[in-house]
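[1] Here you go, sequence then predicted model.
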Amino acid sequence: MKEVDVPKQEHQSHEDRIAVAKMLNLLPADELMLYTKTRNFHWNVVEPSFMEMHRLLDEQYGMFNQIVDDVAEQVRTAGGIAIGTLAEMKQHTKLQEHPGHLPEALKMLEELMEVHDHVSESLHDYIETCDEHHDPATENMLQDILMKHRKTAWMLRSYHQRVPVVDKAEVKRGKAA
Ligand SMILES: [Fe+2]
């Protein structure tokens, strides 16, 4: 990762700052994938309470967009160069896209919950890395982001409970693509 000169920060060596910046640069890629997936489902969901789910996902992708911005700016603060192209974002995420894949509403919610689990696991690792590199401020920021993912996953789970039973039965039989 490219580095830029920034003033030394208290209690943290140059090497520590660069290690944190390098680790942080992985997060926007996953958040952008989650943003894109959520927005895709916001547009294309079809279910009886369409407007409700459409609005729920609208609020969520707006939040992920803000997280991408906050984390990229924190990379700059730590002295790194933030990844800013879609090609690099794609290289830095383990999440896969499935073009043309549009599952039913219930399956959409399940897929989003899986992504939140993946991002939350990564955040646990990143929080430990901040601790190892003496960066409580970045650690706090990541803990806030982790709480946002937990809350969002809870909302998706709760919404999942209220999707009509007939829809759930179809998903169990594997009718949802
Ligand atoms: Fe919209």
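    Happy to help now that I have it.

[2] Centre-most residue in the chain?
    Residue closest to the average C-alpha location in the chain (CA atoms, centre = their mean): Glu31, at 3.1 Å.

[3] So it is in contact with Phe64, correct?
    Yes. Counting by CB atoms under 8 Å, Phe64 is a contact partner of Glu31 at 5.1 Å. Where C-beta positions appear, they are placed from N, C-alpha and C, glycine not excepted.

[4] just to revisit the earlier point, quick check: buried residues in the helix or strand the residue nearest to the centre of the chain falls within?
    Per DSSP states H and E, Glu31 falls inside helix 27-44. For helix 27-44, the buried set under the neighbour-count rule, 16 or more other CB atoms under 10 Å, comprises 27-42.

[5] Look at the residue nearest to the centre of the chain and report its pLDDT.
    Here, the pLDDT recorded for Glu31 equals 96.

[6] ok, now the one 3 residues further on?
    The score at Leu34 is 97. That number is its pLDDT.

[7] For it, give its distance to His118.
    Distance from Leu34 to His118, counting by CB to CB, to the nearest Å: 9 Å.

[8] Spell out the residue ranges of the helices in this protein.
    For the chain, the helices defined by DSSP state H cover 14-24, 27-44, 50-77, 86-92, 105-132, 136-162, 165-172.

[9] I appreciate the help and will end here.
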